[in-house]
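[1] Fold the following.
(chains A and B)
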Amino acid sequence: MKNTLLAGAILTFAAAAQAELKPEQLGKVLTLPEKYPPHWIIVHDATFFHMLDGRQYVIDADAETLPEQVKGMFNSSFIATVNQSSVRPEMYVAETYYTRGSRGTRTDVLTIYDKRTLEPVDEVILPNNNRYSGMPNQYAHTLIDNERLVLIFNLNPATSLSVVDLEERKYLGEIPIPGCSLAFPTGERGFTSICAGGDMYSVQLNADGTMASSARTESFNDIDNNPLFEKPAIVGSTAYFPTFLGDMVEVDLSGPAAKVGERWSLRQGDDDGWRPGGMTYAISDAEGQLYVLAHPAGYDGSHKDPGVEVWLYDPATRKRTARHPLKTPGLSIALTRDAEAPLMIVTNIEMGLDVYDAKSGKYLRTVTGFGQETPFVVHGAR
Amino acid sequence: MPGQTRTVKSILAAALLAVSLSAAGDDHRAKINYMLYCQGCHLPAAEGLEDKVPRMSGFVGYFTHSDEGRRFLIQVPGSATAPVNDEQLAELMNWILRTYSADELADGFEPYTVAEVAELRQTPDTDPAARRKQILEDLSKKNRQLRRSLAQPATSP
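    Presented below is the predicted three-dimensional model:
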């Protein structure tokens, strides 16, 4: 009797629900826009504790709830490096696979993803299997020549750059950068690398990716006492390199060869002992303002310590314009690419992503719990 | 009394040793520098890593058979950019050659001088791999022992 009643009640309820809810179509696949909205970000989770298995998440940093925040995910194997095109609806992942997962024959590959579907649409084999697979670094994967060519940093342990033509989807060859690392876009079709001898090395390429010219600066980087950090913020064609002790060194990358410019102090009063540091510590917004992650009581070895403030600078005056205290100390900072109301994204030390209004420094929300483990580097979507 | 004589003798010997060391460089310091700045890639017995880092043991001495080879050993990035001063780099390279590859050294090999090293390291290589290949190709034309060595696997224990 009781059971029948209950069954009847459920049936009635189900019927009512059926009337209101349309049956959901299963296996529905949505596509993302070709040009991502300005407040979307690409989060590189290097999955530090099982590097085989890295991921890139596409996240809407404006959204309040997790289901709205997470737009999609794609893979990037063995601490990959990534980049996005602004002229083609594509993203690029330089990654490494072994035939048996963690062993077997190694294959390095540049995988091309469609931004709309997050499907791999093509790949270019990097034949020498010497790709740098170190901590994610935006300058280990550099687009040049109006995004026609990509340079992928190799370290095994001789250093070089693989050159891939992204329009033809073709591997062009390798440029040795002896004693040097990384690639900062330079001149019309070239790059500059930072070198162990305290100098920088610039190369211009021919259209076919071969070397056209090269030049070295004087040795100016005091590696023993106050070295430049290796990841500059780039505004236009000027690279801004913070140093371990808190200088900013400008390097002009507009011509075929790097030119060392002004050196000025990031510390500008009431900040004795503060130093820049972290994992991604210097970035710039669409208006060309500089953001630097800083920590107090710096010491020899604190250059990777989390920052507790972000300092803003106007490169035209070389003056600090704001100090944004962080809600939670951060390892890496990133910016969305819009000029109007950019968001600052901070990878905090709990490995969540804190979202701030970049100009005012106002804390807005934390994006976390989307499956991320070590989201070391974040990129503003293009 | 005989005991005293022995003491005097060994002090004298130690003093002589110190003099000869300072002329030839300080082996102990060279070894420490090798351990600090080179063996991370070249490995403790200079055995190298197949296809990645060339074996220096039983091999690197061949480069002293030509002027170009001699220059190369200092201009290769690992040497040129080593965080040691010119004096210590000369000392280190002489020590590497004597320690790991004495048998392959050219007859009448003259140790690197500080001035020579200071000048060479100002102009680092642009393509060490290609240059190395060329040097070894040129050298092996007139050196049968090197030809045989090149025919062997790139690394050995």
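[2] average pLDDT across stretch A:210-228?
    For stretch A:210-228, mean pLDDT rounds to 96.
[3] contacts for it?
    The contact list for stretch A:210-228, computed with CB atoms under 8 Å, 6 or more residues apart in numbering or on different chains, reads A:172-173, A:175, A:189-190, A:194-206, A:241-245, A:247, A:249, A:256-260, B:83, B:124, B:126. Any C-beta I mention is one placed from the backbone N, CA and C, and that applies to glycine too.
[4] change it to 6 Å
    With CB atoms under 6 Å, 6 or more residues apart in numbering or on different chains as the contact definition, stretch A:210-228 has outside contacts at A:175, A:197-206, A:241, A:243-245, A:249, A:257-258, A:260.
[5] ok, and which of these reach chain B?
    A:Gly197 (CB under 6 Å from any CB of the partner chain).
[6] In helices, which of the contacts of stretch A:210-228 fall?
    Secondary structure defined by DSSP state H assigns none of those to helices.
[7] Give me the buried subset of the contacts of stretch A:210-228.
    Buried by 16 or more other CB atoms under 10 Å in any protein chain shown: A:175, A:197-205, A:241, A:243-245, A:249, A:257-258, A:260, out of the contacts of stretch A:210-228.
[8] tell me the contacts of residue 94?
    With no chain named, the answer covers chain A. A:Ala94 makes contacts with A:Ala80, A:Thr81, A:Leu110, A:Arg131, A:His141, A:Ile152, as judged by CB under 6 Å, 6+ apart.
[9] not quite, I wanted chain B
    By CB under 6 Å, 6+ apart, B:Asn94 lies in contact with B:Gly25, B:Pro111, B:Tyr112.
[10] same deal with A:Gly298?
    Applying CB under 6 Å, 6+ apart, one finds that A:Gly298 lies in contact with A:Gly273, A:Arg275.
[11] and it, how far is that from chain B?
    22 Å (CB to the nearest CB, to the nearest Å).
[12] Need the three-state assignment for that residue.
    Secondary structure assignment for A:Gly298 (DSSP: H, G, I helix; E, B strand; the rest coil): coil.
[13] Need phi/psi at the closest residue to chain A within chain B.
    Nearest residue of chain B to chain A (CB to the nearest CB) works out as B:Pro77 at 3.2 Å. The phi/psi pair for B:Pro77 (degrees, to the nearest 10) reads phi -60, psi -40.
[14] quick revisit: out of the buried ones among the contacts of stretch A:210-228, which are inside strands?
    Members of the buried ones among the contacts of stretch A:210-228 lying in strands (criterion: DSSP state E): A:Ile175, A:Met200, A:Tyr201, A:Ser202, A:Val203, A:Gln204, A:Leu205, A:Phe241, A:Val249, A:Val260.
[15] how about the residues of chain B that lie near chain A?
    B:Cys41, B:Lys52, B:Pro77, B:Thr81, B:Pro124, B:Asp125, B:Asp127, B:Pro128.
[16] and with 7 Å instead?
    Residues of chain B lying close to chain A by CB under 7 Å from any CB of the partner chain are B:41, B:52-53, B:77, B:80-81, B:83, B:124-129.
[17] Select from these every entry located in helices.
    Among those, the members found in helices (DSSP H) are B:Cys41, B:Pro77, B:Ala80, B:Pro128, B:Ala129.
[18] Rebuild the residues you listed as JSON lines, extending it with neighbour count and pLDDT.
    Below are those laid out as JSON lines (neighbours: other CB atoms under 10 Å in any protein chain shown; pLDDT from 0 to 100):
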{"residue": "B:Cys41", "neighbour count": "14", "pLDDT": "97"}
{"residue": "B:Pro77", "neighbour count": "22", "pLDDT": "94"}
{"residue": "B:Ala80", "neighbour count": "23", "pLDDT": "95"}
{"residue": "B:Pro128", "neighbour count": "20", "pLDDT": "95"}
{"residue": "B:Ala129", "neighbour count": "14", "pLDDT": "94"}
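[19] Just the closest of the residues you listed to A:Met344, please.
    For these, the residue nearest A:Met344 by CB to CB is B:Pro77; the value is 37.9 Å.
[20] ok, for the closest one, nearest residue in space, not its chain neighbours?
    What sits nearest to B:Pro77 in space, not counting adjacent residues and going by CB to CB, 6 or more residues apart in numbering or on different chains, is A:Gly179, at 3.2 Å.
[21] Quick check, that neighbour in contact with A:Ser193.
    No. A:Gly179 is beyond contact range of A:Ser193, at 9.0 Å (criterion: CB atoms under 7 Å).
[22] So these two - more neighbours on which side?
    Remark: of A:Gly179 and A:Ser193, A:Ser193 carries more neighbours, 28 against 23, as counted by other CB atoms under 10 Å in any protein chain shown.
[23] Pairing partners for the helix or strand encompassing that one, with directions?
    Per DSSP states H and E: A:Ser193 is located in strand A:190-195. According to DSSP bridges, strand A:190-195 forms sheet pairs with strand A:180-186 (antiparallel), strand A:200-205 (antiparallel).
[24] separation between the residue in the stretch 251-382 of chain A that chain B sits nearest to and A:Gly190?
    Going by CB to the nearest CB, chain B is nearest to A:Ala257 of the stretch 251-382 of chain A, at 13.8 Å. In this view, A:Ala257 and A:Gly190 are 9 Å apart by CB to CB, to the nearest Å.
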